[in-house]
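J.: From the sequence below, what's the structure:
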Amino acid sequence: MSIFDAIVQAVIQGLTEFLPVSSSGHLTITQHIQGMQEDNLFFSVMLHIGTLAAVIGVYIKLILGLLKEFGRMVKDIFTGKFKWSEMNGERNMVMMLIIGLIPLFLLFIPVPGTDMKIKDLAEMFSKSGYFIVVGISLMITSTLLFLGDRKNKRTVKAYKDKGLNAKGGAGRKRYNVVDSLAVGITQCFAAVFPGISRSGSTLVASELRGMNKQAALDYSFLLGTPAIVAAALLEGKDALFPKNGETVTIEFWPVIIGMIVAAFVGFIAIKIFKWLLKTDRMYIFIAYTAIVGLIVTIISIIELSKGVNIFSGAQLVF
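T.: Okay, the predicted model is just below:
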C-alpha cells in the first residue's frame, strides 16, 4: 500500500466514522470501485484506533470525569452505599453506557444453519455480490435520519407550546434503561449492515425516545468508544494471527500516517457533525445518503443482471 492510498482510506474512515453516512458502507463502495476483494485487516484496525483517538480528543474531560465516577461507583457498590435512586448525572451516564453495551453480545449469537455468528454477516454483506445491501442500507439510513429530524422538530414545538425554553435544545438529557437498550440494540443492527450509519442510527434511536439531540449525539459517540475498542481487539487478533497461518506484513509508514490522518479528520468530523446538528442542517445527510444509496442500488441491479463488477470486470463474489 502506498502512502497516498493510506491517506485516502484514512480520510474516508475519519469522515464517515462519525458523520451519519456509514463508514463501512463507504469503504465497501471504495473497495468495490477499486475491484478490491480483500481488506488489509491490520490497516483497518489501526484506522479504527486513529478514530478512537479523535473521540478521546473531543470528549477527554467528560471521559475522565466518567472514569472517576465509575471508580467511585464501584467503591460504593462494594461498601453497600450505592443507591440507584440517588445517582448523579455522571453516575447515571456511566450506568446507561454499561447497559447500552449489553446488546453487543447479540452479535455473537450463531446464525442457524451456518457456522457464522451474527457479527460475521457484516463481512458477508461487504462482498461484491451483496453490493445491493449497501445501497438499500444507505437509503434506510436516510429514512432514519429523516424520522429522527422530524421527531426532534416536534419535540422542540412541544416545548415552545408549553412556554419552555428550547434554545439549548428540547428533550430529556438523562437516559433511562429503556433508552439505553434501544440505542444499544440499534448499534448492533448498524454493525451488521454496511450502509447503515452507527452514529446516525443511534442518534435517531435517542431522538425517537424524546432525548435532547446534543445529549443524544454525545451518548452515541461515548457508546461507540468501547465498541471501537472491542472491534479493534477482536480484529487485531485476527489480523496479527490469521487462521490460515500466513505471515503478516506490516507497512510501517502507511500505517502510522493513516492513523494520524484518521485521528485528525475524525476530530474535525465530530466537530462538524455537532455544529450541523445544532444548526438543524441534517437535511444535508438525509439527501446525501438517499442519493448515494439510490445510485449504488441501481448499479448493483445492473451488476447482478450481468454477473460482474462493472468497474473491474471481475465476477461477483457471494
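
J.: which residues sit against the helix or strand harbouring residue 92?
T.: According to DSSP states H and E, residue 92 maps onto helix 89-101. The contact list for helix 89-101 (CB atoms under 8 Å, 6 or more residues apart in numbering) reads 65-66, 69-70, 72-73, 87, 174-177, 179-181, 183-184, 187, 219, 222-223, 226-227. All C-beta atoms are positioned from the backbone trio N, CA, C, and that covers glycine.

J.: Can you select the buried ones from those in PyMOL?
T.: Of the contacts of helix 89-101, the buried ones go into a single PyMOL selection, burial set by 16 or more other CB atoms under 10 Å:
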select buried, resi 66+69+70+73+87+175+179+180+181+183+184+187+219+222+223+227
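
J.: quick revisit: which positions within the helix holding residue 92 qualify as buried?
T.: So, applying 16+ other CB under 10 Å, buried residues of helix 89-101: 90-97, 99-101.

J.: Repeat that for stretch 263-282.
T.: 263-267, 269-270, 273-274, 276-277, 282.

J.: Mind checking which residue lies nearest the centre of the protein?
T.: Nearest residue to the geometric centre of the chain (CA atoms, centre = their mean): residue 198, 3.1 Å.

J.: Give me the distance between it and residue 15.
T.: 14 Å (CB to CB, to the nearest Å).

J.: Residue ranges in the stretch 1-150 of the chain under the pLDDT threshold?
T.: Low-confidence segments of the stretch 1-150 of the chain (pLDDT under 70): 37-41.

J.: Make a markdown table from the buried residues of helix 89-101 and add distance to residue 315 to it.
T.: Listed next are the buried residues of helix 89-101 as a markdown table, based on distance: CB to CB, whole Å:
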| residue | distance to residue 315 |
| --- | --- |
| 90 | 54 |
| 91 | 55 |
| 92 | 53 |
| 93 | 49 |
| 94 | 50 |
| 95 | 50 |
| 96 | 47 |
| 97 | 44 |
| 99 | 45 |
| 100 | 41 |
| 101 | 40 |
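
J.: and which of those residues is nearest residue 113?
T.: Distances from residue 113 to the buried residues of helix 89-101, taken as CB to CB, are shortest for residue 101 (28.5 Å).

J.: what's the neighbour count on the closest residue in space to residue 285 that isn't next to it in sequence?
T.: Residue nearest to residue 285 in three dimensions, not counting chain neighbours: residue 20, with 5.0 Å by CB to CB, 6 or more residues apart in numbering. If you count neighbours by other CB atoms under 10 Å, residue 20 ends up with 30.

J.: same question, residue 77
T.: Around residue 77 there are 10 residues (other CB under 10 Å).

J.: ok, now residue 76?
T.: 15.

J.: that older thread, in three-state terms, label the residue nearest to residue 285 for me.
T.: coil (DSSP: H, G, I helix; E, B strand; the rest coil).

J.: In a helix, residue 174, correct?
T.: No. Counting by three-state DSSP, residue 174 is not part of a helix but coil.

J.: Using JSON lines, please lay out the buried residues of stretch 263-282 together with distance to residue 214 and pLDDT.
T.: Converted to JSON lines, those look like this (distance: CB to CB, whole Å; pLDDT from 0 to 100):
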{"residue": "263", "distance to residue 214": "23", "pLDDT": "95"}
{"residue": "264", "distance to residue 214": "23", "pLDDT": "96"}
{"residue": "265", "distance to residue 214": "22", "pLDDT": "96"}
{"residue": "266", "distance to residue 214": "19", "pLDDT": "95"}
{"residue": "267", "distance to residue 214": "18", "pLDDT": "96"}
{"residue": "269", "distance to residue 214": "16", "pLDDT": "95"}
{"residue": "270", "distance to residue 214": "12", "pLDDT": "95"}
{"residue": "273", "distance to residue 214": "11", "pLDDT": "95"}
{"residue": "274", "distance to residue 214": "7", "pLDDT": "94"}
{"residue": "276", "distance to residue 214": "12", "pLDDT": "94"}
{"residue": "277", "distance to residue 214": "7", "pLDDT": "93"}
{"residue": "282", "distance to residue 214": "13", "pLDDT": "95"}
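
J.: possible to save those residues as CSV with secondary structure and distance to residue 33?
T.: Below are the buried residues of stretch 263-282 laid out as CSV (DSSP: H, G, I helix; E, B strand; the rest coil; distance: CB to CB, whole Å):
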residue, secondary structure, distance to residue 33
263, helix, 25
264, helix, 25
265, helix, 20
266, helix, 23
267, helix, 27
269, helix, 22
270, helix, 27
273, helix, 25
274, helix, 30
276, helix, 27
277, helix, 30
282, coil, 27
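
J.: chain center to stretch 184-201, what's the gap?
T.: 6 Å (CA atoms, centre = their mean, to the nearest Å).

J.: in that stretch, what counts as buried?
T.: By 16+ other CB under 10 Å, the buried positions in stretch 184-201 come out as 184-201.
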